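Trainee: using only what follows, build the 3D model:
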Amino acid sequence: TVHLRIPESSPVGTAIGSVKATDADTGKNAEVEYRIIDGDGTDMFDIVTQKDTQEGIITVRKPLDYETRRLYTLKVEAENTHVDPRFYYLGPFKDTTIVKISVEDVDEPPVFSRSSYLFEVHEDIELGTIIGTVMARDPDSASSPIRFSLDRHTDLDRIFNIHSGNGSIYTSKPLDREISQWHNLSVIAAEINNPKDSTRVPVYVRILDVNDNAPQFAVFYDTFVCENARAGQLIQTISAVDKDDPLGGQKFFFSLAAVNPNFTVQDNEDNTARILTRRNGFSRHEISTYLLPVVISDNDYPIQSSTGTLTIRVCACDSRGNMQSCSAEALLLPAGLSTGALVAILLCIIILLVIVVLFAALKRQRKKEPLILSKEDIRDNIVSYNDEGGGEEDTQAFDIGTLRNPAAIEDKKLRRDIIPETLFVPRRTPSAPDNTDVRDFINQRLKEHDTDPSAPPYDSLATYAYEGNDSIAESLSSLESGTTEGDQNYDYLREWGPRFNKLAEMYGGGESDKDTS
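Mentor: As a prediction, this is how the structure comes out:
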């Protein structure tokens, strides 16, 4: 006897165990075939012969259930497949054994009574109405209590709810078939003692239609009648639509809300109707617009109806009935040009004006003079502040190397705007190779300028340099004059001619000193 065990959750085809019969023969004569010949589990299990090992493998044929049956008994037979006829009298060449299979209990999730549920409900039911109930049980012997819940991902609007104890599904919000005809829900059943063991089942809710909507005009009708129209002339064909969907299909009826002396409605009995004139001739100068109330009703229960108003304009038409102009609006607007087209044209004009204004503003901004006109190094331009000569040019371009070496200044160039009567060879007085006082002053001023919080931005440059270093009278700086006091030699003024004699007498010390002495 062979004893085997298998959990009840084992899927079909799972190998439970094996049996093997011994045979003293070898080779082909030792081949054995296994089969189940009796027992209470012949329909639940199969046995397959393994050619390599000459074993019988027992497998699951149908799903097992511990709560239904816990033990199965099988009678397995093993028989030689190749028997020499000469030795039949020594037979039989087969043997049997008993195999007992025990099914082990496994904690299983709840099982619903159906694989899916379908509920139908009318859209006009009251809130809290139960639309259906789902049922589930615990297949285990312990029979644990079950809790039901709705998967909210399948009911985002929370239109439905479920009783956690008995699985009753009820409405929590009004239903509207015109918004949604079907609701696909997912109900979850889980054991209270072990919430991880859960099962889902789909629930389909179909919303049945109720005649709660009235029919309406299918489209907006722009209706007109010619001034020269005759009685019985067709001016418009109308139709209707309804959001409801009755089982017998849509059926509409058209009529006038009140008797009208100018127009009438003729039902075509195919969900359309014709608007006809009842008299000859209309005048837009007397009445430019007529309002015609039309009643539209359906044939479902309860009957729903609505009143739609047609606006009929009186227009001037040609002999063929083509509209030429209608009342004041038609006189102002060209034929075929709607109000929407005029609005679009006006918007385009406004957009073009905005673009032109922006373009003009950008062009004006580009014409503004930039702060720096040239891409040259701004350090090559300085501003000279002179004590005298306010009317002369004060801004000249200098080489920065010249500012660093005043002795290397080029020879003074003659002015072209003044032509002297007599030119004398000027006598140059050698300048001091280095003026320490002025250099210290300039360095001090530069340091003050660098630390001044109100100084100009970094893209501007203020440079201080020697004044009149190459002139005959040398520097005209008040600083230079203050330091040299009276050591300047102005005798060369006498060589400039009679016009400079007065200056020579004032500044030249030679003859004046002799006169005083």
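Trainee: if I read this right, residue 207 contacts residue 178, doesn't it?
Mentor: No. Residue 207 is not in contact with residue 178 according to C-beta atoms under 8 Å; the separation is 9.3 Å. All C-beta spots, glycine's among them, are computed from the backbone N, C-alpha and C.
Trainee: low-confidence regions, the protein specifically.
Mentor: Applying pLDDT under 70 to the chain flags the ranges 327-338, 367-436, 454-488, 508-517.
Trainee: break it into its domains for me.
Mentor: 2-104, 111-208, 216-332, 378-485 (automatic domain parsing).
Trainee: in TSV: those domains, plus mean neighbour count.
Mentor: Below are those laid out as TSV (neighbours: other C-beta atoms under 10 Å):
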stretch	mean neighbour count
domain 2-104	15
domain 111-208	15
domain 216-332	15
domain 378-485	12
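Trainee: residue 340 is nearest to which of the ones you listed?
Mentor: Closest to residue 340 of the domains of the chain is domain 216-332 (C-beta to C-beta; 12.7 Å).
Trainee: run the chain-centre distance for the closest one.
Mentor: Between the centre of domain 216-332 and the centre of its host chain there is 46 Å, according to C-alpha atoms, centre = their mean, to the nearest Å.
Trainee: and the contacts of stretch 166-175?
Mentor: With C-beta atoms under 8 Å, 6 or more residues apart in numbering as the test, stretch 166-175 has contacts from 119, 121-136, 148, 150, 157-163, 185, 187, 189, 203, 205, 207.
Trainee: secondary structure element for residue 254, which one?
Mentor: strand 252-256 (DSSP states H and E).
Trainee: sorry, that was for residue 119
Mentor: Short version, using DSSP H and E: residue 119 is in strand 117-122.
Trainee: same for that strand, what does it pack against?
Mentor: Strand 117-122 is packed against strand 130-133, strand 198-208, with contacts defined by 3 or more C-beta pairs under 8 Å, 6 or more residues apart in numbering; DSSP states H and E.
Trainee: can you list those in CSV and add distance to residue 109?
Mentor: Formatted as CSV, the helices and strands packed on strand 117-122 follow (distance: least, C-beta to C-beta, whole Å):
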stretch, distance to residue 109
strand 130-133, 20
strand 198-208, 5
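Trainee: indicate which one of these is closest to residue 4.
Mentor: strand 198-208 (29.1 Å).
Trainee: what angle sits between that closest one and strand 117-122?
Mentor: Relative orientation of strand 198-208 and strand 117-122, computed by axes from the mean of the first three to the mean of the last three C-alpha atoms, to 10 degrees: 30 degrees.
Trainee: can you list the strands that the next helix or strand after strand 198-208 pairs with?
Mentor: Following strand 198-208 in sequence order, the next helix or strand is strand 216-217 (DSSP H and E). Applying DSSP bridges to the sheet, strand 216-217 is found paired with strand 234-241 (antiparallel).
Trainee: and residue 34, what element?
Mentor: In this assignment (DSSP H and E), residue 34 forms part of strand 32-39.
Trainee: contact partners of that strand?
Mentor: In contact with strand 32-39 (C-beta under 8 Å, 6+ apart) are residues 19, 21, 23, 42, 45-49, 54, 56, 72-81, 96, 99.
Trainee: partners of the very next helix or strand once past it in the sheet?
Mentor: On the C-terminal side of strand 32-39, the closest following helix or strand by DSSP H and E is strand 45-50. Using DSSP bridges, strand 45-50 pairs in its sheet with strand 55-60 (antiparallel).
Trainee: now do the partner strand against strand 32-39, angle only.
Mentor: Going by the same axes, to 10 degrees, strand 55-60 makes 40 degrees with strand 32-39.
Trainee: can you list contacts of strand 55-60?
Mentor: With C-beta under 8 Å, 6+ apart as the test, strand 55-60 has contacts from 4, 6, 10-21, 34, 44-50, 74, 76, 78, 99, 101.
Trainee: on contacts alone, who are the packing partners of the helix or strand harbouring residue 314?
Mentor: According to DSSP H and E, residue 314 maps onto strand 305-317. Applying 3+ C-beta pairs under 8 Å, 6+ apart, one finds that strand 305-317 contacts strand 216-217, strand 223-226, strand 234-241, strand 289-298, strand 323-326, helix 327-332.
Trainee: nearest to residue 347, out of these?
Mentor: Per C-beta to C-beta, nearest to residue 347 of the helices and strands packed on strand 305-317: helix 327-332, 19.4 Å.
Trainee: counting by contacts, list what whichever helix or strand comes after that closest one packs against.
Mentor: Using DSSP H and E, the helix or strand that follows helix 327-332 in sequence is helix 339-366. The contact analysis (3+ C-beta pairs under 8 Å, 6+ apart) places helix 339-366 against no helix or strand.
Trainee: from the chain's centroid, how far away is helix 339-366?
Mentor: Counting by C-alpha atoms, centre = their mean, helix 339-366 comes out at 29 Å from the chain centroid.
Trainee: and the helices and strands packed on strand 305-317 as JSON lines, adding distance to residue 438?
Mentor: JSON lines is the format used below for those (distance: least, C-beta to C-beta, whole Å):
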{"stretch": "strand 216-217", "distance to residue 438": "100"}
{"stretch": "strand 223-226", "distance to residue 438": "100"}
{"stretch": "strand 234-241", "distance to residue 438": "101"}
{"stretch": "strand 289-298", "distance to residue 438": "98"}
{"stretch": "strand 323-326", "distance to residue 438": "95"}
{"stretch": "helix 327-332", "distance to residue 438": "87"}
